[in-house]
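[1] Would you be able to build a 3D model of this:
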Amino acid sequence: MHQEVFGKTHDGETVELYTLTNAAGLKAKLTTWGACLVEMDVPDRGGAMRDITLGFDMLDGYLGAHPHFGVTTGRFANRIARGHFTLDGVTYTLGLNDEPNHLHGGVTGFHHRNWKGEAVKGANAVRFTYTSADGEEGYPGTLQVAITYTLTEKSELRLDYEATTDKPTILNLTNHAYWNLAGAGEGDILGHEVRLHASHYTAVDATGIPTGKIEPVAGGPMDFTTAKPLAKDYAQMIGEPGGYDHNFIIDQPQPNAMTLAAEVYEPKSGRVMTVSTTEPGIQLYTGNFLNRSVIGKSGIVYRKNYGFCLETQHYPDSPNHPDFPSTVLRPGQTFRSTTVHQFSVK
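    Now for the predicted structure:
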């Protein structure tokens with residue numbers, strides 16, 4: 001564990017950077033700003049280490065507007081239709097930062113907050129905590145939230161989430177890392193081979209909001225039940241800007257069971273990443289909106305499809321779909337969720 005100052009916010013607040021390293025040389029860099037994964041160094045089949053996450057070299061990049069590189073998104077990850085939801089008979093209105101919808105907790109969601117960080121005694125881990133005030137971004141209840149990142153000797157990056165509230169609220173947390181297993185900035189990710197343990201997905205409208213229909217993936221471009229390159233059916237994903245940005249329903253044996261959700265293989269480097277989670281869904285996003293407007297690490301211009309996301313989550317717009325798994329958190333309850341990324345080579 002190594003701790004240092006990453007920089008200061010525009011208000012002069014100090015932002016910390018924590019580095020976790022395991023015996024195999026894997027390295028995870030994490031910052032209090034947005035409880036964000038800044039860097040993930042992983043060896044290829046020849047032992048060469050590369051950073052495999054998109055982002056910025058300096059804090060300034062994260063302080064400005066960016067496509068959620070590596071951050072914790074909340075209070076509600078993904079989209080809420082028209083920024084409205086009703087809870088216990090009360091309708092709440094949220095900001096529309098992804099017209100015509102609310103996305104990832106709003107303009108100043110959890111990704112634009114400076115969390116408190118502390119090393120976890122007796123573990124190769126850092127714990128980030130944040131208090132989200134009642135009414136912040138329109139959400140009800142004062143929320144106490146914590147995320148613990150652990151880098152294990154099994155080459156796992158483990159994320160453990162916890163939260164409590166003093167009023168009924170809604171909650172959906174995820175990490176929004178953009179991965180490129182060939183190395184950050186090493187071209188597009190369409191050659192990555194992906195398998196998803198998901199037989200169904202939530203069909204969406206043109207704005208990414210679920211229609212309410214649960215559709216089977218079998219036989220179509222959404223079928224990743226057998227590993228295939230992202231490019232294989234990419235051209236069939238119509239619309240602007242095209243590509244995958246869909247929630248897949250994980251084939252869990254029972255609710256909240258830790259389940260293998262995704263396996264990704266990058267043939268040139270040999271790197272493999274698996275994703276296991278207690279969440280019921282996983283959003284596959286292929287960096288469709290990366291449009292050369294963002295200059296990332298080492299001065300590289302991030303282009304469309306330069307990274308992919310696998311966001312473990314509850315379903316988008318769940319508060320407006322009573323038949324979806326509930327995202328309601330009430331006083332006296334403790335929200336808990338775990339996601340594990342494991343790295344290897346073949």
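
[2] List the pairing partners of the lowest-mean-pLDDT helix or strand in the chain within its sheet, with orientation.
    Lowest on mean pLDDT, DSSP states H and E among the helices and strands of the chain sits strand 294-295, with a mean of 93. Strand pairing for strand 294-295, determined by DSSP bridges: strand 301-302 (antiparallel).

[3] Skip ahead from the partner strand and say which helix or strand is next.
    Next helix or strand after strand 301-302 toward the C-terminus (DSSP states H and E): strand 309-313.

[4] now what about that following strand, what contacts it?
    Residues from elsewhere that reach strand 309-313, judged by C-beta atoms under 8 Å, 6 or more residues apart in numbering: 73, 77-78, 172-179, 247, 261-262, 264, 275, 277, 279, 281-285, 287, 337, 339. To be clear about C-beta, it is placed using only N, CA and C from the backbone, and glycine gets the same treatment.

[5] Same question for stretch 247-260.
    78, 196-202, 204, 210, 214, 217, 222, 224, 261, 274-284, 313, 315-316, 325, 338, 340.

[6] rerun at 6 Å
    When contacts are defined by C-beta atoms under 6 Å, 6 or more residues apart in numbering, stretch 247-260 is touched by residues 196-202, 261, 276, 278, 280-283, 315-316.

[7] So which of those residues is the closest to residue 302?
    Nearest to residue 302 among the contacts of stretch 247-260: residue 283, at 19.0 Å, using C-beta to C-beta.

[8] Could you look up the SS state of the closest one?
    strand (DSSP: H, G, I helix; E, B strand; the rest coil).

[9] Next up, the contacts around it.
    Counting by C-beta under 6 Å, 6+ apart, residue 283 makes contact with 247, 311, 313.

[10] Can you get me a residue count around the first one?
    Around residue 247 sit 29 other residues, with neighbours defined as other C-beta atoms under 10 Å.

[11] Confirm that it sits in a helix.
    No. Assigned with three-state DSSP, residue 247 falls outside any helix and is strand.

[12] what bridges to it?
    Under the criterion used (DSSP bridges), residue 247 bridges to residue 283.

[13] Look up the pLDDT of it for me, please.
    Note on residue 247: pLDDT of 98.

[14] For this structure, which segments are assigned as helices?
    For the chain, helices defined by DSSP state H occupy the ranges 59-63.

[15] If any of the contacts of stretch 247-260 are buried, put those into a ChimeraX selection.
    Entered in ChimeraX, the line below selects the buried ones among the contacts of stretch 247-260, by 16 or more other C-beta atoms under 10 Å:
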select :196,197,198,200,201,202,261,276,278,280,281,282,283,315,316
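
[16] so of the contacts of stretch 247-260, which ones are in strands?
    196, 200-202, 261, 276, 281-283 (DSSP state E).

[17] Looks like residue 81 contacts residue 211 (just checking).
    No. Contact criterion C-beta atoms under 6 Å: residue 81 and residue 211 do not qualify, at 10.5 Å.
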